[in-house]
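S.K.: What follows is a predicted protein model with its sequence.
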Amino acid sequence: MARTCLLVLSSVLMIFSNYVYGQAPDLALPGDFAAFTSVGAFDNTGTTRIVGDIGTNDGAFSYTDGVLVGESHVADPVADQAATDLGLAYADLSARTCGSVIPVGLGNNQTLGPNVYCTGAASTLNGTLILDGQGDPNALFIFKIDGALSTGSFANVVLINSASFENVYWQITGRFDLGENSVFRGTVLGGGAIELAEGAAIVGRALTTAGEISLNNNEIVNSEVSLPVTLISFEVKKGEGNTARLIWSTTAETNSDRFEIERSSNGKSWDRLATVRAKGESNS
């Protein structure tokens, strides 16, 4: 009898362990949204572009001048159900056991593998944070931030070795501030306000159970989409001294705002050098 009980207990522990570390939370209806707040205002400045639904279940709503590839839901049955489902997903993450406690300062070319990471206080992200999927397309990354999370300008979350933004989750009990021209990947499930500074982008979702969402010339996409430009040619020519001249041609540009010129010494961490405004189907 003792042996039988031990085997059963071992099986239960294995199942529980797989649940904690291996299963993504069920977003249900909020999975269709790119930006949503259960309780709070939703406002935008400038020509933000969003792929996915947006809305609020309780609060003022304004999305003038922005481009939306999706639907808006404001205090309607869809928004009401999304608020309920978001609360359940947030509670799911709250119940997850920490696999590793990490310092509150993230980034600066830091590389992390799949795990449930926890910080004990408000946190920051500067520079580049690399999430390594280690060849597993289902690799799960969960970050539980006990407080606010803010990033510096040009912060970047980079996914390598099969890591997918669909399997990256950020539970933030406080507000979330994304710095200018930063690129953030994963789904934010917040408990406070969400503010994106000018030029910041999210590949994933910005969701909060309580707090205002403020956007300013941003981009949020909640699904893999085709690039808005077709590259015909690309050439690099050595210039004077330590300079280089980049020459490229494109066609079929749609919803294209700019080209970003970056450099890297290792193919993982990138530094932005300049931006070039898109000019339609032309040479640059």
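M.R.: Yes, it's here.
S.K.: can you list the domains in the protein?
M.R.: By the assignment in automatic domain parsing, the chain contains the domains 26-221, 230-277.
S.K.: I'd like those as CSV, with mean neighbour count and mean pLDDT appended.
M.R.: (C-beta placed from N, C-alpha, C; glycine too.) Putting the domains of the chain into CSV (neighbours: other Cβ atoms under 10 Å; pLDDT from 0 to 100) gives the following:
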stretch, mean neighbour count, mean pLDDT
domain 26-221, 19, 97
domain 230-277, 12, 72
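S.K.: now the strands for the stretch 151-284 of the chain?
M.R.: Taking DSSP state E, counting those that start in this stretch as the test, the strands found in the stretch 151-284 of the chain are 156-160, 168-172, 176-178, 183-190, 194-196, 201-208, 213-216, 219-221, 230-238, 244-251, 258-263, 271-277.
S.K.: Looking at the ones you listed, spot the one closest to Ala79.
M.R.: When those are compared by Cβ to Cβ, strand 201-208 sits nearest Ala79, at 12.1 Å.
S.K.: ok, that closest one: who's next to it in the sheet?
M.R.: strand 33-37 (parallel), strand 183-190 (parallel), strand 219-221 (parallel) (DSSP bridges).
S.K.: Gly31 in helix, strand or coil?
M.R.: Classification of Gly31 using DSSP: H, G, I helix; E, B strand; the rest coil returns helix.
S.K.: Then Leu106?
M.R.: strand.
S.K.: how far away is it from Asp146?
M.R.: Leu106 sits 13 Å away from Asp146, taking Cβ to Cβ, to the nearest Å as the criterion.
S.K.: swap in Gly133?
M.R.: Distance from Gly133 to Asp146, by Cβ to Cβ: 25 Å.
S.K.: Kindly report the same for Asn242.
M.R.: With Cβ to Cβ as the criterion, Asn242 and Asp146 are 45 Å apart.
S.K.: same check, this time on Ala274
M.R.: 38 Å.
S.K.: Please apply the same query to Gly113.
M.R.: For Gly113 relative to Asp146 (Cβ to Cβ), the value is 21 Å.
S.K.: now swap in Ala75 and tell me
M.R.: Applying Cβ to Cβ to Ala75 and Asp146 gives a distance of 31 Å.
S.K.: isn't there a strand covering Asp92?
M.R.: No - per three-state DSSP, Asp92 lies outside any strand segment and is helix.
S.K.: residues contacting the closest residue to it other than its chain neighbours?
M.R.: Counting by Cβ to Cβ, 6 or more residues apart in numbering, the nearest residue to Asp92 once its immediate chain neighbours are dropped is Pro25, at 4.4 Å. Pro25 sits next to Ala89, Asp92, Leu93, Tyr169, Leu189 when contact means Cβ atoms under 8 Å, 6 or more residues apart in numbering.
S.K.: Understood, closing this out.
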